[in-house]
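> Pasted the sequence and its predicted model underneath.
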Amino acid sequence: MRTLLTAMFVSSVVFVTPAMAETAHVHGPGGHMHGPVSSEFVIQKASEKVKSLIENGKLDASWSNYQIIGTSQREMSTGKEWVVSLKNDKAKEVEKQSLHLFFTSYGSYIATNFSGK
């Protein structure tokens, strides 16, 4: 009887633990991705990043009302990158009316600048 209980316990640990661990690796929307992401995904990430930059004082509050100019992918030495380009006609300086946010092809944030380079 003791051997049977021990075998049942070991089996439950061996078979149930990996199943439970697998669910711990599943991430919801906006979480960890396992492949290249869509333009819609990076637009959402760009929106979140702009909000964060405004909240942290890195970007003028007028950027809370921007237009999406577009998204594109470019080939870099490190692989493909997404570029999300935004426009804010209310920015005081003309050279700071366009904002470009860069993300890896998997949706990780890289950088933001006004030049697009």
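That came in fine, so what should we check first? None of the values given here were measured: they were computed from a predicted structure.
> Now do the helices in this protein.
2-24, 39-55 (DSSP state H).
> Check those helices for me: which has the lowest mean pLDDT.
If you rank these by mean pLDDT, helix 2-24 sits at the bottom with a mean of 49.
> surely residue 88 meets residue 65?
Yes - with contact defined as C-beta atoms under 8 Å, residue 88 counts as touching residue 65 (7.1 Å). Every residue, glycine included, has its C-beta placed from N, CA and C.
> which one of those two has more residues nearby?
Neighbours were counted for residue 88 and for residue 65 using other C-beta atoms under 10 Å; residue 88 has more, 19 against 9.
> Now do the buried residues in stretch 59-70.
Within stretch 59-70, the residues that qualify as buried are 59, 63, 66, counting by 16 or more other C-beta atoms under 10 Å.
> JSON lines for those, including pLDDT?
Output for the buried residues of stretch 59-70, formatted as JSON lines (pLDDT from 0 to 100):
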{"residue": "59", "pLDDT": "93"}
{"residue": "63", "pLDDT": "95"}
{"residue": "66", "pLDDT": "95"}
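> So which of the residues you listed is the closest to residue 42?
Checking those against residue 42 with C-beta to C-beta, the nearest one is residue 66 at 15.0 Å.
> residue contacts, the closest one?
50, 86-88, 99 (C-beta atoms under 8 Å, 6 or more residues apart in numbering).
> Of the residues you listed, grab the buried ones for ChimeraX.
One line in ChimeraX is enough to select the buried members of the contacts of residue 66, burial here meaning 16+ other C-beta under 10 Å:
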select :50,86,88,99
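> from the contacts of residue 66, which is closest to residue 77?
Once C-beta to C-beta is applied, the member of the contacts of residue 66 that ends up nearest residue 77 is residue 99, at 23.7 Å.
> What spatial separation is found between that closest one and residue 88?
7 Å (C-beta to C-beta, to the nearest Å).
> Could you do residue 37 as well?
For residue 37, the distance to residue 88 - C-beta to C-beta - is 24 Å.
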